[in-house]
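1. following is a predicted model, sequence given first.
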Amino acid sequence: KQEVTQIPAALSVPEGENLVLNCSFTDSAIYNLQWFRQDPGKGLTSLLLIQSSQREQTSGRLNASLDKSSGRSTLYIAASQPGDSATYLCAVTEGAQKLVFGQGTRLTINP
Amino acid sequence: KAGVTQTPRYLIKTRGQQVTLSCSPISGHRSVSWYQQTPGQGLQFLFEYFSETQRNKGNFPGRFSGRQFSNSRSEMNVSTLELGDSALYLCASRGLQGPNTEAFFGQGTRLTVV
């Protein structure tokens, strides 16, 4: 059974810092890995999608990497801003388009 | 291009009642999945529909059911509501290219059972 773990569960940093969020998964038989952002009480906003054959994807200040063989992904956020405060979720897609989610990292950027 | 639309946004129901939630996917998307989000369990997969057929089902009791219409809109039904069904229910849609495509989520329906 696929299990996805995110570390740390919560992170608080001052504005302007670069930071890394971690995601690990137990079964490497995945189609892809997706990073999402969730604001309180809201739905999920897709940030980056990495196919299983890819090593990394970039979008603006965000960079996500994938090491499928070791079951790990990282989300790097450069020059963090207060607006980046949210919960970040990673999820892997396995058979029949099912997403398996981690518990999320609650990120707070302090002005 | 409109995103994934879920209605209603908020619902309050009494134990024992039933409820129907609706999800309209992005235009052209035919795969719709449903997820339940609670503080204790996180996000859990309920089921996935493609072209009106349920292709995959999560580990939820039979009180949870769904369907998809020919226009790809999907409904989820929960019968005999329990307090533990209180949650944020999210739906996601994907394009025709299947599991290698990005999943897009709606804003969710917040269900409160009292």
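-> That came through fine.
2. doesn't residue A:34 make contact with residue A:49?
-> Yes. The pair residue A:49 and residue A:34 passes the contact test of C-beta atoms under 8 Å, sitting 4.9 Å apart. All C-beta spots, glycine's among them, are computed from the backbone N, C-alpha and C.
3. which residues do the two both contact?
-> residue B:102 (C-beta atoms under 8 Å, 6 or more residues apart in numbering or on different chains).
4. okay, the two: which has more neighbours?
-> More neighbours surround residue A:34 than the other of residue A:49 and residue A:34, with 23 against 20 (other C-beta atoms under 10 Å in any protein chain shown).
5. please report phi then psi for that one.
-> Here is the backbone geometry of residue A:34 (degrees, to the nearest 10): phi -130, psi 140.
6. where does residue 9 land on pLDDT?
-> Since you didn't name a chain, this refers to chain A. Note for residue A:9: predicted pLDDT of 95.
7. wrong one, I was asking about chain B
-> Looking at residue B:9, the pLDDT reads 97.
8. ok, now residue A:87?
-> Per-residue confidence (pLDDT) for residue A:87: 98.
9. wait, isn't it in contact with residue A:37?
-> Yes. Between residue A:87 and residue A:37 a contact is recorded at 7.3 Å, counting by C-beta under 8 Å.
10. residues of stretch A:64-73 that come out buried?
-> By neighbour count on 16 or more other C-beta atoms under 10 Å in any protein chain shown, the buried set for stretch A:64-73 is A:64-66, A:68, A:71, A:73.
11. what's the neighbour count on residue A:80?
-> Residue A:80 is flanked by 21 other residues according to other C-beta under 10 Å.
12. contacting residues around it?
-> By C-beta under 8 Å, 6+ apart, residue A:80 lies in contact with A:13, A:15-19, A:109.
13. the lowest-mean-pLDDT helix or strand in chain B - contacts with which helices or strands?
-> The weakest-scoring helix or strand in chain B, judged by mean pLDDT, DSSP states H and E, is strand B:53-57 (a mean of 92). The contact analysis (3 or more C-beta pairs under 8 Å, 6 or more residues apart in numbering or on different chains; DSSP states H and E) places strand B:53-57 against strand B:42-50, strand B:64-68.
14. okay, how far is it across stretch B:13-33, tip to tip?
-> Counting by C-alpha to C-alpha, to the nearest Å, you get 23 Å between the two ends of stretch B:13-33.
15. thinking again about what came up before, compute the inter-axis angle for the least confident helix or strand of chain B and strand B:42-50.
-> Calculated by axes from the mean of the first three to the mean of the last three C-alpha atoms, to 10 degrees, strand B:53-57 forms an angle of 150 degrees with strand B:42-50.
16. out of the helices and strands packed on strand B:53-57, which one sits most buried?
-> Of all the helices and strands packed on strand B:53-57, strand B:42-50 has the most neighbours on average by mean count of other C-beta atoms under 10 Å in any protein chain shown, namely a mean of 22.
17. any idea how far that strand is from the middle of the chain?
-> 7 Å (C-alpha atoms, centre = their mean, to the nearest Å).
18. direction included, what does it pair against?
-> Under the criterion DSSP bridges, strand B:42-50 sits next to strand B:31-38 (antiparallel), strand B:53-57 (antiparallel) in its sheet.
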